[in-house]
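Asks: this is a predicted model, with the sequence first.
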Amino acid sequence: MKPYARAERVSIKIQQAITELLSKKMQDPRMEMATISGVRMSPDLSLAYVYVTVFGDKKRIRKTLEGFQRSKGFIKKKIAPKLDLRIMPDLRFIHDDSFDEAARLDALIDAAPKGENRDADSDSDAPDGTCGDPAE
């Protein structure tokens, strides 16, 4: 028995094939510094949602996604032989903003009050701000 579901195995193959293609064959300057951070397949394997990480402003992100969209046929043609699939899934390129969101959350955590201020805001009945053991 194989350890992964078929959709997960196909998504890993697609991610590896596009990443290799980006590093070796793609010459579009819009796609420089873009990274394929993940691929998620539809249950029937007809769609592949390709998550692209791009560092830069919204204009750069838009141009990078346009580059991927315009190169979609070329990408499908080049990776299809490596996938061993009867039908090549359609590719949908989506900006992956999870890194930006993680950076935003880190900034919020760093800006949050620390130490004694946090204890005063807690709902705990314990005098030192800890939750206390209910068995005691």
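Replies: Looks like it arrived, so ask away.
Asks: ranges for the strands of this protein?
Replies: 34-41, 47-54, 90-95 (DSSP state E).
Asks: relative to Leu83, which of these is closest?
Replies: strand 47-54 (9.8 Å; CB to CB). All C-beta atoms are positioned from the backbone trio N, CA, C, and that covers glycine.
Asks: mind saving the C-alpha coords of that closest one as CSV?
Replies: Output of strand 47-54 as CSV, limited to C-alpha atoms (Å, rounded to 0.1, in the frame of the first residue of the first chain):
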residue,chain,number,x,y,z
LEU,A,47,-7.4,20.8,-11.7
ALA,A,48,-4.1,21.6,-10.0
TYR,A,49,-3.9,24.7,-7.9
VAL,A,50,-0.3,25.9,-8.0
TYR,A,51,0.6,28.2,-5.1
VAL,A,52,3.3,30.7,-6.1
THR,A,53,5.3,32.7,-3.6
VAL,A,54,6.5,36.0,-4.8
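Asks: same question for it, mean pLDDT?
Replies: Regarding strand 47-54, the rounded mean pLDDT is 94.
Asks: neighbouring strands - and their directions - for it?
Replies: strand 34-41 (antiparallel), strand 90-95 (parallel) (DSSP bridges).
Asks: now those strands as a markdown table including distance to Ile61?
Replies: Below are these laid out as a markdown table (distance: least, CB to CB, whole Å):
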| stretch | distance to Ile61 |
| --- | --- |
| strand 34-41 | 9 |
| strand 90-95 | 5 |
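Asks: need the winner for burial among the ones you listed.
Replies: strand 34-41 (a mean of 19; mean count of other CB atoms under 10 Å).
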